[in-house]
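1. Predicted coordinates and the sequence they were generated for:
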Amino acid sequence: MEIKDVYKKLIRHRTNLMLSLLAGALLGIIFYLLPSKYVASGSFFVNRKTSAENSFFTYEGYYGQQTALSYTNSILSLMESVDVKKMVLESNKMPLNNKNINMLNKIVSVKKTGPQIIYLTVKGKTYEEAKRLWNSVSNVTVAAAYEINRNGDKNLSIAPISPQPLVGLPYKSIYLYGVVGILISFTLASFFICLKEYFKN
């Protein structure tokens, strides 16, 4: 089927296409109006202390920097681990089961935004819930890292850059939702029209 044939078939069904575009726009607006979850976000700095007389350009300073870089990846894995999620559930007196673990997997996001910077975001149904869960993940991670390093390199540390996370609703554009709805509905409608014409012939 050539492009001009597809175009002719779509023109013949332009009424259905227009209705689908309208339905897509309405669907996009409906999704825009649905309540959004609050997002708590904040960053952590991973560091390794060196003696005051040393700087980055000395061997000790360079070694400390490289160790901190490697340790950042370990902290990233620790934040994403099931062990931390279990402790978060326990600290919030929530049942320890797979359902709640999966729930935390969906609402907790961790990523490395710099060589020694880890960015944590947590979603919640309310402002208080998002803030509370973010603080729980933060406190549990910092405490777990401290316990792990008690018998290891005590100079390694992780700390939130700000004591409290930034909490708010994500930005949503009604125009973006409408355009996405129109594009999806147009694509689906065009596909089914072409499919119907193909089997008809």
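-> Cool, got the structure. Given the structure is predicted, the values throughout are model-derived calculations rather than measurements. Residues are numbered from 1 along each chain as shown.
2. And the residue nearest the centre of the protein?
-> The residue lying closest to the centre of the chain (Cα atoms, centre = their mean) is S109, at 4.3 Å.
3. Each with direction, which strands does the helix or strand where that residue lies pair with?
-> Secondary structure assigned from DSSP states H and E places S109 in strand 108-114. Sheet pairing of strand 108-114 (DSSP bridges) gives strand 117-124 (antiparallel).
4. Now do whichever helix or strand comes after the strand it pairs with against strand 108-114, angle only.
-> Note on strand 117-124: by DSSP H and E, the next helix or strand toward the C-terminus is helix 127-149. Going by axes from the mean of the first three to the mean of the last three Cα atoms, to 10 degrees, helix 127-149 is angled at 60 degrees with respect to strand 108-114.
5. Regarding this protein, what is its longest helix?
-> helix 174-200 (DSSP state H).
6. Please state the offset of that one from the chain centre?
-> Taking Cα atoms, centre = their mean, to the nearest Å, one finds the center of helix 174-200 at 29 Å from the center of the full chain.
7. returning to what we had before: and for the strand holding S109, what are the contacting residues?
-> 43, 72-73, 76, 79-80, 85, 118-122, 133, 137 (Cβ atoms under 8 Å, 6 or more residues apart in numbering). C-beta: built from backbone N, CA, C; applies to glycine.
8. Going by distance to A23, which of the residues you listed wins?
-> Nearest to A23 among the contacts of strand 108-114 is T121, at 33.2 Å by Cβ to Cβ.
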